[in-house]
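In: Okay, predicted coordinates and the sequence, questions at the end:
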Amino acid sequence: VMMADAVEAVSRTLVDKTEENITKVVNNIIDGQLQDGRYANADITFKDIATVKKVFIEMLTNIYHSRIAYPKLKQEERKSTLKSRNMTQKAITIKDLAEKLNISVSTVSRALKDNPEISQQTRKTVQALAKELGYKPNPIAVALKTHKSNTIGVVVPQIVNTFFATVVKKIEDVADKYGYNVLVASSNETFEKEKKNIDIFLANRCDGIILSISKATTSYEHIKQIQDMGVPLVLFDRTAKELDVSKVVADDADAAFKIVQHLIHGGARRIALLTGPEQLSIGKNRMKGYLKAMTLNKLEINTDYIVRCEDFSVKAAKEATQRLLNMKNMPDAIFGINDDMAIGAIEAIKEKGLKIPEEVAVFGFSNSKRSRYMTPSVSTINQFPEKIGETAAELLFEQILDAKHAQIREEVINSELIVRESSDRSFMQ
């Protein structure tokens with residue numbers, strides 16, 4: 001858990017640091033985590049701390065050399081380094097093979113494809129020379145000629161997020177089945193990076209794109225561009241009603257309704273909702289479920305209890321919860337629309353000296369790894385990311401392989417309530 005907490009801080013900090021400062025960066029991050037008391041209840045030894053620091057120092061040093069130090073080499077040094085690694089060798093083309101064998105380019109091309117119109121001896125000769133010289137087809141050239149790259153692109157808001165990582169893994173499994181490669185990119189929750197990733201995928205002639213929208217995306221022209229170019233597209237999890245494309249989503253409204261019902265059955269009456277940017281469908285749908293349950297149970301809907309955070313982070317949720325707990329009539333339960341927000345709420349409640357779930361119950365969403373190992377463990381929703389990834393990939397390949405009969409549709413994946421310590425009040429009844 002300590003290592004997971006540090007990943008985001010590490011990735012933000014590294015880019016502005018030199019190699020000499022890496023140890024200092026790691027020490028500051030880990031020591032800061034210990035000082036803020038978030039692991040006060042954990043049995044952490046000095047050996048544990050030393051191990052975590054060692055792992056991060058090694059990781060950062062490797063990243064520094066591969067992504068930061070190397071690009072800063074002088075041009076001549078760079079050429080020398082590349083040459084020593086045999087990376088400067090000019091790529092062999094079909095034209096090179098044709099010149100060496102004194103035959104036409106078209107003959108070489110057909111021989112490489114094992115075309116029976118070319119004599120067996122010529123095919124063997126061409127293929128042997130291609131192997132000897134290390135000839136590899138240019139994927140972009142092949143894509144231009146065949147209008148197929150056998151590659152799909154996937155853009156997610158955060159690649160380190162358990163939910164998105166699981167979705168991507170399942171997409172790759174399905175793509176393997178169809179003989180396709182997968183390019184994966186993270187928008188890091190920014191509109192600019194999301195647009196850039198899509199532009200790169202389109203420039204590389206990806207045969208289809210699977211996308212989950214970033215929290216900062218409010219304009220959809222870059223997504224409509226994908227449709228205008230006739231490139232198959234599927235959205236998952238974070239979608240937008242303005243876009244008429246195939247989508248795969250969890251039954252957010254129903255899951256949120258079940259969460260609030262669970263909290264009410266446990267005795268909660270003043271239930272707060274921590275939500276995120278208003279343009280995202282997940283926030284809208286989960287709020288619908290919250291409002292439906294409150295109305296059905298004839299409970300007051302206090303707008304002061306509905307807090308819209310600028311993002312889905314632990315920090316934003318913690319600050320929002322601190323404000324809620326300072327209210328004269330504070331909530332007796334908090335529903336965060338993702339696990340990080342629930343964790344932020346738990347941190348604020350602990351700092352206030354309140355008991356969880358006796359005084360304030362907490363429920364999250366997404367079943368992240370971190371939610372399982374918190375103290376208390378976080379009640380959450382299993383969205384079945386494997387099923388979401390598989391369904392999104394199958395929808396995309398329907399469009400790629402049978403565009404004539406493929407139809408735009410929305411697939412809804414049922415969710416599962418997971419009750420853990422943060423909301424389980426059964427021992428009180």
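Out: Yep, it's here. Numbering: from 1, shown residues only.
In: give me the number of residues near residue 184?
Out: If you count neighbours by other CB atoms under 10 Å, residue 184 ends up with 18. For the C-beta atoms, the positions are set from N, CA and C on the backbone; glycine is no exception.
In: Identify the residue spatially nearest to it, adjacent ones excluded.
Out: For residue 184, ignoring the flanking residues on the chain, the nearest one in space by CB to CB, 6 or more residues apart in numbering is residue 154 at 4.9 Å.
In: show me what contacts that neighbour?
Out: If you count contacts by CB atoms under 8 Å, 6 or more residues apart in numbering, residue 154 has them with 168, 171, 182, 183, 184, 185, 209, 210, 211.
In: what do you get if the cut-off is 7 Å, keeping everything else the same?
Out: By CB atoms under 7 Å, 6 or more residues apart in numbering, the residues touching residue 154 are 168, 171, 182, 184, 210.
In: For it, which three-state class applies?
Out: Under the three-state scheme (DSSP: H, G, I helix; E, B strand; the rest coil), the conformation of residue 154 reads as strand.
In: go on, residue 159?
Out: Secondary structure for residue 159, judged by three-state DSSP, is coil.
In: Which pLDDT value does the model give it?
Out: In this model, residue 159 is scored at 87, pLDDT.
In: which residues does it contact?
Out: 165, 184, 186.
In: Next one: the first one from residue 255, what distance?
Out: Taking CB to CB, to the nearest Å as the measure, residue 165 and residue 255 are separated by 21 Å.
In: Neighbour count for these two, which is higher?
Out: For residue 165 and residue 255, the more surrounded residue by other CB under 10 Å is residue 255, and the numbers stand at 20 against 16.
In: my guess is the more buried one meets residue 415, correct?
Out: Yes: Residue 255 is within contact range of residue 415, at 4.2 Å (criterion: CB atoms under 7 Å).
In: Spit out the residues that contact these two alike.
Out: Both residue 255 and residue 415 are in contact with residue 381, where contact means CB under 7 Å, 6+ apart.
In: For stretch 221-230, buried residues please.
Out: 222, 223, 226 (16 or more other CB atoms under 10 Å).
In: tell me the contacts of residue 392?
Out: With CB under 7 Å, 6+ apart as the criterion, the residues that contact residue 392 are 171, 210, 234, 236, 248.
In: can you rerun that using 6 Å?
Out: Residue 392 makes contact with 210, 234, 236, 248, according to CB atoms under 6 Å, 6 or more residues apart in numbering.
In: Show me those residues that map onto strands.
Out: When DSSP state E is applied, these are split such that 210, 234, 236, 248 fall in strands.
In: May I ask you to confirm that the first one is in contact with residue 232?
Out: No: using CB atoms under 6 Å, residue 210 and residue 232 do not qualify as a contacting pair, with a distance of 9.2 Å.
In: all strands of this protein, in order?
Out: If you assign secondary structure with DSSP E, the strands in the chain sit at 151-156, 181-186, 208-211, 233-236, 246-250, 271-275, 306-308, 333-336, 361-363, 380-382, 410-413, 416-418.
In: Mind pulling up the pLDDT for residue 45?
Out: Here the pLDDT value assigned to residue 45 is 66.
In: ranges for the helices of the stretch 51-200 of the chain?
Out: With DSSP state H, counting those that start in this stretch as the criterion, the stretch 51-200 of the chain has helices at 75-84, 94-101, 105-112, 120-133, 139-146, 162-177, 191-203.
In: so which of these gets nearest residue 358?
Out: In this view, the helices of the stretch 51-200 of the chain are compared for proximity to residue 358 by CB to CB, and helix 162-177 is the closest at 28.6 Å.
In: Now do the closest one against strand 181-186, angle only.
Out: Relative orientation of helix 162-177 and strand 181-186, computed by axes from the mean of the first three to the mean of the last three CA atoms, to 10 degrees: 160 degrees.
In: list the helices and strands helix 162-177 packs on?
Out: Helices and strands touching helix 162-177, by 3 or more CB pairs under 6 Å, 6 or more residues apart in numbering; DSSP states H and E, are strand 151-156, strand 181-186, helix 385-401.
In: tell me which residues in stretch 261-274 are buried?
Out: Going by 16+ other CB under 10 Å, stretch 261-274 has these buried residues: 261, 262, 263, 264, 266, 268, 270, 271, 272, 273, 274.
In: Turn those residues into JSON lines, including distance to residue 242 and pLDDT.
Out: Conversion of the buried residues of stretch 261-274 to JSON lines gives the following (distance: CB to CB, whole Å; pLDDT from 0 to 100):
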{"residue": "261", "distance to residue 242": "31", "pLDDT": "98"}
{"residue": "262", "distance to residue 242": "32", "pLDDT": "98"}
{"residue": "263", "distance to residue 242": "32", "pLDDT": "98"}
{"residue": "264", "distance to residue 242": "34", "pLDDT": "97"}
{"residue": "266", "distance to residue 242": "38", "pLDDT": "96"}
{"residue": "268", "distance to residue 242": "35", "pLDDT": "97"}
{"residue": "270", "distance to residue 242": "35", "pLDDT": "97"}
{"residue": "271", "distance to residue 242": "30", "pLDDT": "98"}
{"residue": "272", "distance to residue 242": "29", "pLDDT": "98"}
{"residue": "273", "distance to residue 242": "24", "pLDDT": "98"}
{"residue": "274", "distance to residue 242": "25", "pLDDT": "97"}
